[in-house]
Every structure is written in structure tokens, then in C-alpha cells.
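Kindly generate the corresponding structure for this input.
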Amino acid sequence: MVSGDVDSHAASVGNLAVLTLALGVQVGAELKRATSSSHRAFRIPDARSDSIQGGAVREPSVPSGMPILSAGRHRNARRGACFMEFASYLAGERWSDHPQCTHPHVASLARDVNDLVSDEHRNGLAPLIHRVVGLRSDDPHLSVVIAIRAAHAAMPIASMDRQRAIALAVLALIERAPVPQLASLIKEALDFAPDATQWARSNARLMQVGANTVEARASAIIHCSTVGIALACVDDTDARLTALLEQAVADAERHLGIAHHAATPEPVLMPV
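As a prediction, this is how the structure comes out:
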């Protein structure tokens, strides 16, 4: 699609679908498409993967007693565990991938990353699980913090349509919930894709499409960004998604004034 013709591009049905996605419409189908086997088949393995060295295949390193994570939702621990399900167990809550112990947008990002990274890299997320237990607040600005971090990670590599969708949603989000301390991160994220940002500013009227709440816009940015990273034409999507979750957790800790201690948590055995 030619980027120069703003009006015809804005009128494109396909592009409007992405734009409304970024502005608050459900993104389940998009996420499902990104995790489908047909898309996995086209992913380029990370040349620096820990699972392949010198031609020998080995299991990724997982601390003793940590869970073996798998994608999707699981009825109970016997069927496996995703990132947030194990967090619910550590918190002593009912088994769930939507536990109360973690801020909804931190949990949303964690679920996306858990499901979008490859099986070979997923267990690299395990050391982060204990850090999301108790990581929650009623501060609406925390949603903005997580969404902007996701946008910052996706904007350099996402497809043109997703860059435009994310830029438009970011502008809409910060209009409703400005966070001055994020100004430099927001500027950097938008500067990664100046054409997309210019397009978004020129089509500000589309900000009125979809749900107009901070929570809905933050959720859409997170989902669109993680899918954009997973489907990007780069060879290190696993590393980028993992780094995004690490940075977002650190951002949330910093925002809430929680000190992170790098010590490895005591092993916790899953029920059998």
C-alpha cells in the first residue's frame, strides 16, 4: 500500500480494521492468528538462541524448581501452566490466568508474551513470575506506562499499518491520560516511525473510533504491539518480546516505588 496518499489509505477497509483494533476493538482474532502454527512456520530462529549452539540442540536453562511454561490457558497445573497461571499459584489465589495479584495490563502483556514466544524460549520468562505477584495499583497512569513501553518496543519493527495504528492510539491515550515523566519515551517511540506519526496526527478524527477509555486504549496498544513484534520481519522476535516484558515489569516497579532484588527466588514445586 502506498504511504503517500493519506486520504485513500485512511479509507482503506483493511487499514481501518487495524485502526479500530488500535482504538479499542477486540483483538482476539489477531492474537490467535499470530500464534497459529502457520505463522510459526515462517518465523526465523534466533541465531543467538541458547537452545542451539555449535549444532547441538539442548534444553533452555531453567532454574531448578521453576515451572515449565506452555502457551494458552490450562484447567489445572496437571495440564501445564502459563506465566500468569503460575503467578496465581504463587500468590495463593484460585488457579487463573487473570489473577487479582497483578495489575490487569501487566498481566495482559505477560499473557501475550507467554503465548507469542516460541516454545524454545518461553521458559526464559519464568524468573520474572515472582516479580508480578503483588505488582498492582489503582493508579490509572500505570496502564499508560505499560502501553507506552509496548509501543516503544514495537514501533521500530512493526508493519506500516500497525505503526500507524499504534501511533494513533498512543496519541489518543496521552490526550486522555498525560504522564509527563513518559514524554521522552513517547517521543522516541513516535520518532521511530515518523511517517506513521505524521499520518496519525493528520487523521486525528479517527481517534474517536472505538472505546474511548484509558483502559481500552492501553489494552489495544499492548495487543497490537506484541502481535506487531511477533509478526515482524526480524530474526529476534523472542528476544524482543522477552525484553519487553522485563522492561515493563521494571517500569511498573519503578512507577510504584517497588525495589527489585535480583536474588533468585526459592524453588517452588508445582502440585501434581
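
From one end of stretch 173-182 to the other, what's the distance?
Across stretch 173-182, the terminal residues are separated by 12 Å (C-alpha to C-alpha, to the nearest Å).

what does that stretch contact?
Here stretch 173-182 makes contact (C-beta atoms under 8 Å, 6 or more residues apart in numbering) with 140-141, 143-145, 147-148, 186, 207, 212-214, 217-218, 221. Quick note: C-beta positions are derived from backbone N, CA and C, even for glycine.

Quick check on those: which are buried?
Neighbour counting by 16 or more other C-beta atoms under 10 Å classes 143-145, 147-148, 186, 207, 214, 217-218, 221 among the contacts of stretch 173-182 as buried.

want to try a markdown table for those, with secondary structure, distance to residue 104 and pLDDT as columns?
Output for the buried ones among the contacts of stretch 173-182, formatted as a markdown table (DSSP: H, G, I helix; E, B strand; the rest coil; distance: C-beta to C-beta, whole Å; pLDDT from 0 to 100):
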| residue | secondary structure | distance to residue 104 | pLDDT |
| --- | --- | --- | --- |
| 143 | helix | 8 | 95 |
| 144 | helix | 13 | 95 |
| 145 | helix | 13 | 96 |
| 147 | helix | 12 | 96 |
| 148 | helix | 16 | 97 |
| 186 | helix | 21 | 96 |
| 207 | helix | 22 | 70 |
| 214 | helix | 12 | 88 |
| 217 | helix | 13 | 89 |
| 218 | helix | 9 | 92 |
| 221 | helix | 14 | 94 |
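
Low-confidence regions, the stretch 151-272 of the chain specifically.
208-211, 260-272 (pLDDT under 70).

what about 50?
The stretch 151-272 of the chain contains residues with pLDDT under 50 at 263-269, 271-272.

that older thread, ok, of the contacts of stretch 173-182, which one's closest to residue 119?
residue 221 (26.5 Å; C-beta to C-beta).

Now do the contacts for the closest one.
Residue 221 touches 22, 147-148, 150-151, 166, 169-170, 173, counting by C-beta under 8 Å, 6+ apart.

okay, among those, which ones form the most distant pair?
Of all pairs drawn from the contacts of residue 221, the widest gap by C-beta to C-beta lies between 22 and 148 and measures 13.7 Å.

related to what we said a few turns ago, closest to residue 135 out of the buried ones among the contacts of stretch 173-182?
Residue 135 has its nearest neighbour among the buried ones among the contacts of stretch 173-182 in residue 145, at 11.6 Å by C-beta to C-beta.

what's the spacing between the closest one and residue 221?
Distance from residue 145 to residue 221, counting by C-beta to C-beta, to the nearest Å: 11 Å.
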